[in-house]
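Chemist: Fold the following, please.
(one chain, ligands or ions: 2)
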Amino acid sequence: MSFKLTVLGTSSATPTLSRRPSAQALVFKNRTFLLDCGEGTQLQCLKYGVKMFKIERIFISHFHADHYLGLMGLLSTLALKGRTQEIYIYGPEGLQELIETQLRLSEAYLTYPIHFIILSMDGTHTIYEDKFLEIKSIPLAHRISCWGFLFKQRQPYRKIDKEALKHKNVPVAAFKALVYGRDYIDESGKVYSAKELTYGLPMKSYAYITDTLYMESVAQQLQGTDMIYHEATFLHELYENAIRNFHATALQAATFAQVAATKQLLIGHFSARYDDLQPLLDEARSVFPNTLLAEEGKSYET
Ligand SMILES: [Zn+2]
Ligand SMILES: [Zn+2]
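Modeler: Ligands and ions are numbered 1, 2, ... in the order given. Predicted structure coming up:
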């Protein structure tokens, strides 16, 4: 297991009694990332055991109310509880102004620093990377600037292939180079190839794609992603509605998953008109069988 996703909200513009606005907690190596922060996200964290203090980075897909209204409440609670650890928030232009205006008007202050990272609509960008993880922002097609996010595991080391190693007399000194993917040349000039003697471990990945028209180019970019969350606001019979509102249908979400050749599709961001979500699931599964409904409080692993 590499990524553990806990869904905190799955409703579109207006909440229902059973569905809250968008938010997801993604845990990777004991680090927590929050994807969107709809109204009431902190309550959902409490309810479903997401440790708010552990949140390291928050990603706001766009400035529609159902994706960010919970931000100030969450940040305030963290301050009231005495957080001192810095937090990183990624989002649209105006993010800093949004937070600072609210703080100024309520004469409040936070007990920890915030780093604001403003996203660009000009192509896909790596917005965070370290030895083990890479995060990308991907511009989507919505009424206002909006981004999807791709989380990709990284592994700096390769595994030694014990079978390939047999009878090769590989010097001990070579291993250090080989596990980092570098060839090793001994004193006699003999080359020990990292490609032949080692193999890379499969890297897990997760993509969060919400509030967008169907974008085949993005699906192609996400080829082989292990798990994809894609919005499915409407059934395809409301296709016209979806287009008008810059949203996608369950059928389109499934087509997206098919083009991306993902292993697992999660659909969410359901219109409040649907009490029963089964027809959305059935529609998606007719194209991409490995589809699940994103359900609040449930966790999904890659
Ligand atoms: Zn939305
Ligand atoms: Zn929206």
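Chemist: Parallel or antiparallel, list what pairs with the helix or strand residue 136 falls within.
Modeler: Assigned by DSSP states H and E, residue 136 belongs to strand 133-139. With DSSP bridges as the test, strand 133-139 is paired with strand 125-129 (antiparallel), strand 147-153 (antiparallel).
Chemist: Run through who's touching the shortest one.
Modeler: Meaning strand 125-129. Around strand 125-129, the neighbours that count as contacts under Cβ atoms under 8 Å, 6 or more residues apart in numbering are 57, 88, 90, 117, 119, 134, 135, 136, 137, 154. Every C-beta, even on glycine, is put in place using the N, C-alpha and C of the backbone.
Chemist: next helix or strand past the least confident helix or strand in the chain by mean pLDDT?
Modeler: Within the chain, no helix or strand scores below helix 162-165, which has a mean of 87 by mean pLDDT, DSSP states H and E. Downstream of helix 162-165, the next assigned helix or strand under DSSP H and E is helix 174-179.
Chemist: and that following helix, how far out from the chain's middle?
Modeler: When distances are taken as Cα atoms, centre = their mean, to the nearest Å, helix 174-179 is centred 33 Å away from the chain's centroid.
Chemist: What residues of it count as buried?
Modeler: Residues of helix 174-179 classed as buried by neighbour count (16 or more other Cβ atoms under 10 Å): 174, 175, 178, 179.
Chemist: coming back round to it: elements contacting the least confident helix or strand of the chain?
Modeler: For helix 162-165, the packing partners by 3 or more Cβ pairs under 8 Å, 6 or more residues apart in numbering; DSSP states H and E come out as helix 194-197.
Chemist: avg pLDDT for the helix it packs on?
Modeler: Here helix 194-197 scores 91 as its mean pLDDT.
Chemist: tell me what it is packed against?
Modeler: Where contact means 3+ Cβ pairs under 8 Å, 6+ apart, helix 194-197 is packed against helix 162-165, helix 174-179.
Chemist: can you confirm residue 79 is in a strand?
Modeler: No. If the criterion is DSSP: H, G, I helix; E, B strand; the rest coil, then residue 79 is helix and not within a strand.
Chemist: Contacts only, for it.
Modeler: If you count contacts by Cβ under 8 Å, 6+ apart, residue 79 has them with 108, 109, 110, 111, 112.
Chemist: What residues does the third one make contact with?
Modeler: Residue 110 is in contact with 75, 76, 78, 79, 103, counting by Cβ under 8 Å, 6+ apart.
Chemist: Could you list which of those also contact ligand 2?
Modeler: Among the contacts of residue 110, no residue sits close to ligand 2 (Cβ under 5 Å from the ion).
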